[in-house]
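Engineer: Sharing a model that was predicted from the sequence below.
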Amino acid sequence: MTAREEVLARIATAHRAAAPPDLAYEAVARGYRTTSDLGPESLVELLVDRLVDYKALVRRCVDTDLPSTITTALAERGLTVLVVPAGLQPDLLDAVAVEIRRDQSPDDLSVADLDAADGVLTTCAVAVAETGTLILDGSAGMGRRVVTLIPDYHLCVVRTDQICADVPQALALLEPTRPLTMISGPSATSDIELNRVEGVHGPRTLEVIIVGSG
């Protein structure tokens, strides 16, 4: 068999295995995984492994230590100006010694304002352990998509009960009509010579605080 014949044979096999073109949408088989055998701590460990592999920074703390953990993270980064979206729990910033710029509406902070800020602090809606993906949906504590794309540093708070195993489970927990932003590690790309460049189309540094109840 020639290479051409082999390629055509594989295409023919794929066509025979495909669903008929007139198959009703409701009849399409969807064998997605909808459950996971992983327990809560295993999900946390898997998420941490994926985040670290993506070169994100990770901290863990209990709920009562979250304000001090945020304060420490910001101090270690040397931030002076922090963007905070509407709806973020106010007592999280009681001990923070930086200038807070609140983004309550689209008219509050311009692109230039966000570019001048050192970082942004948000929560998330869901975190996917298998892919190391944080999903923000623009609700309280997450803000507009632009506030997480322009500042050079993004500090994101993830609670352990927001962590699920994989993407189908995550999508089942989300409202699909909301503006979903999926973040898998810091912004990075490579040029034709495979030189890694960070911070091109999003934060150069992603730091995640995983918060447990005890």
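Structural biologist: Cool, got the structure. Numbers count the residues shown, from 1 in each chain.

Engineer: Going by C-alpha atoms from here, please, whenever you check contacts or count neighbours.
Structural biologist: Noted.

Engineer: Next one, pLDDT for the residue nearest the centre of the chain please.
Structural biologist: What sits nearest the mean C-alpha location of the chain, by C-alpha atoms, centre = their mean, is residue 134, with 2.1 Å. Model confidence at residue 134, given as pLDDT, is 97.

Engineer: Pull up the pairing partners for the one helix or strand it maps to, direction included.
Structural biologist: If you go by DSSP states H and E, residue 134 is part of strand 133-136. Counting by DSSP bridges, the strands paired with strand 133-136 are strand 126-128 (antiparallel), strand 181-183 (antiparallel).

Engineer: Need these in TSV (columns: mean neighbour count, distance to residue 210 and mean pLDDT).
Structural biologist: TSV is the format used below for these (neighbours: other C-alpha atoms under 10 Å; distance: least, C-alpha to C-alpha, whole Å; pLDDT from 0 to 100):
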stretch	mean neighbour count	distance to residue 210	mean pLDDT
strand 126-128	27	10	97
strand 181-183	18	15	94
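
Engineer: What segments of this structure are helices?
Structural biologist: 3-17, 40-53, 66-77, 111-116, 167-173 (DSSP state H).

Engineer: and residue 189, which of those is closest to it?
Structural biologist: Residue 189 sits nearest to helix 40-53 of all those, at 15.2 Å, using C-alpha to C-alpha.

Engineer: Run through the neighbouring helices and strands of the closest one.
Structural biologist: Counting contacts by 3 or more C-alpha pairs under 8 Å, 6 or more residues apart in numbering; DSSP states H and E, helix 40-53 packs against strand 57-62, strand 163-164.

Engineer: can I get the CA coordinates of the strand holding residue 134 in PDB?
Structural biologist: What follows is strand 133-136, C-alpha atoms only, in PDB (Å, rounded to 0.1, in the frame of the first residue of the first chain):
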ATOM      1  CA  THR A 133      -7.700  25.800  34.900                       C
ATOM      2  CA  LEU A 134      -9.300  28.600  36.900                       C
ATOM      3  CA  ILE A 135     -12.700  29.800  35.500                       C
ATOM      4  CA  LEU A 136     -14.000  33.300  36.300                       C
END
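
Engineer: which other residues reach it?
Structural biologist: 51, 123-128, 142, 180-185 (C-alpha atoms under 8 Å, 6 or more residues apart in numbering).

Engineer: Point to the helix or strand of this structure where mean pLDDT is at its lowest.
Structural biologist: Here the helix or strand of the chain ranked lowest by mean pLDDT, DSSP states H and E is strand 196-198, holding a mean of 78.

Engineer: how about the helices and strands packed on helix 40-53, which one is nearest residue 157?
Structural biologist: Taking C-alpha to C-alpha, strand 57-62 is the member of these nearest to residue 157, at 9.6 Å.

Engineer: what pairs with the closest one, and is each one parallel or antiparallel?
Structural biologist: Pairing partners of strand 57-62, with direction, according to DSSP bridges: strand 205-212 (parallel).

Engineer: Many thanks, I have nothing further to ask.
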